[in-house]
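Visitor: Pasting a predicted model and its sequence here:
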Amino acid sequence: MVLSIYVDGSSQGNPGPAGIGIVVCDERGQVVTTRQLPLPSATNNEAEYRAVLEGLRLAHELGADEVTLYSDSELVVRQLQGAYQVRSEGLRKLWQEAKALMGQFRRCEIRHIPRQQNAFANRLAQKASGLSFPSSPKEVKIAPSILSADFRRLGEVIHELTQGGADWVHFDVMDGHFVPNISFGFPVIEALRPETSLPFDVHLMIAEPERYVDAFIKAGADIVAVHVEATAHLHRLVARIKELGAQASVALNPATPVEWVRPLLPMLDVVLIMTVDPGFAGQKFLPFVLDKVRTVRRWIEELGLTTEVEVDGGVTVANAADCVTAGATVLVSASGIFQSGLPIPDAIRALRQGAKRAMGGE
């Protein structure tokens, strides 16, 4: 068995109350298990070594033959690689124990990764150390979908969205195959990209999205959503999106089992949950999908992640509070903005006010 293990140790006082976080992934990058343990007192380096030791023990328990450890502590990684000397007597004992455990595997190496790539393990370590996180809900983002905009004046529409308080601009890309409609492609995104600094949230309702993500990101997509049902190698595609520097989102149709997204949650920046069957604007909101929103929100909180939960389809002022109460943090609206009968800034403001009602606002 080949395992990748992400480890992190966190101390509140250096030394002080500390914790360790461990995330174990299989060869496909899917999370096998996680572990978080509190430490009564430790420095950051001691906590990191404790995390390495616990990660190695966990790999042994799981029957791994080959292990790659990932840590964002350059000092600990270089010491275990033999590039740096271990001068502290306390750390030397932990180093010796770690080297002995590493020698029990057919292959075992440790690599340094940037802290942002180790966010999941870091979050677990901080929680184990007793560090508290704000429990207040995120500020809800409004992402108007231009699918219902006037295509004759898209440049002007983008300016109105920017000035009117939109947080993201949502692009519904349809191919007439994965969904029964055709909308637009990356030339439109490329043409509009210079018109605003707002993030472009590109929802690919297309078959074989792996053939096109490079072009959409090159055209200016900041967030790329692909459907679980549209690709045979979802993990590989999500990894490719992130490798290209965009945020990765996975979309679920109303009838798609929500469990399909769970193994990839630690990799995702956004989970997009369709509250209508995709393909057309102006459809009626499907309330039963809110159960999926609640489930994904619960998983995100249990794992200590910051992943956005986006809902798309039939979202209006009338149901915005229900979406946010269920756990949504991003509201996509096409007809609810562009066919509301209100100027764009007023429509965005009304939707945001509707969302705030779920958060105790006026």
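Guide: Cool, the structure landed.

Visitor: Can I take it that residue 221 is in a helix?
Guide: No - assessed with DSSP: H, G, I helix; E, B strand; the rest coil, residue 221 is coil; it does not lie in a helix.

Visitor: Quick check: pLDDT value at residue 358.
Guide: Reported pLDDT at residue 358 in the predicted model: 69.

Visitor: Tell me the secondary structure at the residue nearest to residue 124 when sequence neighbours are not counted.
Guide: Nearest non-adjacent residue to residue 124, counting by C-beta to C-beta, 6 or more residues apart in numbering: residue 21, 2.8 Å away. All C-beta spots, glycine's among them, are computed from the backbone N, C-alpha and C. At residue 21 the chain is in strand, as set by three-state DSSP.

Visitor: how about residue 21, what does it touch?
Guide: By C-beta atoms under 8 Å, 6 or more residues apart in numbering, the contact list for residue 21 reads 7-10, 34-36, 51, 120-128.

Visitor: For it, give the beta-bridge partners.
Guide: For residue 21, the beta-bridge partners are residue 8, residue 36 (DSSP bridges).

Visitor: Residue 249 now?
Guide: Beta-bridge pairing for residue 249 (DSSP bridges): residue 225, residue 270.

Visitor: Could you tell me which of the contacts of residue 21 are located in strands?
Guide: Those of these mapping onto strands are 7-10, 34-36, per DSSP state E.

Visitor: what would the residues you listed look like in TSV with neighbour count, pLDDT and distance to residue 270?
Guide: Shown next, in TSV, are those (neighbours: other C-beta atoms under 10 Å; pLDDT from 0 to 100; distance: C-beta to C-beta, whole Å):
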residue	neighbour count	pLDDT	distance to residue 270
7	33	94	26
8	31	93	23
9	31	91	29
10	28	86	26
34	19	89	21
35	19	89	26
36	21	88	25
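
Visitor: quick one: low-confidence parts of the stretch 151-300 of the chain?
Guide: Applying pLDDT under 70 to the stretch 151-300 of the chain picks out residues 281-282.

Visitor: do that again at 80, thanks
Guide: For the stretch 151-300 of the chain, applying pLDDT under 80 flags the ranges 279-283.

Visitor: just the strands in it please.
Guide: Secondary structure of the stretch 151-300 of the chain (DSSP state E, counting those that start in this stretch): strands located at 169-174, 200-205, 223-227, 247-252, 270-274.

Visitor: and of those strands, who's closest to residue 2?
Guide: Shortest distance between residue 2 and the strands of the stretch 151-300 of the chain, using C-beta to C-beta, is found for strand 247-252: 23.4 Å.

Visitor: which residues does the nearest residue to residue 130 once chain neighbours are set aside contact?
Guide: Nearest residue to residue 130, sequence neighbours excluded (C-beta to C-beta, 6+ apart): residue 17, at 5.2 Å. With contact set as C-beta under 8 Å, 6+ apart, residue 17 has these partners: 11, 38-41, 129-130.

Visitor: Next: residue 58.
Guide: 5, 22, 24, 33, 35.

Visitor: which SS state does the first one fall under?
Guide: With three-state DSSP as the basis, residue 5 sits in strand.

Visitor: start at 869 instead
Guide: Okay, using 869 as the starting number, the last item reads as residue 873.

Visitor: what's the neighbour count on the closest residue to it other than its chain neighbours?
Guide: Once flanking residues are discounted, residue 873 sits nearest to residue 923: 4.4 Å by C-beta to C-beta, 6+ apart. Residues within reach of residue 923, counting by other C-beta atoms under 10 Å, total 29.

Visitor: isn't there a strand covering residue 923?
Guide: No - note on residue 923: no strand contains this position according to three-state DSSP, which reports helix.

Visitor: Much appreciated, bye for now.
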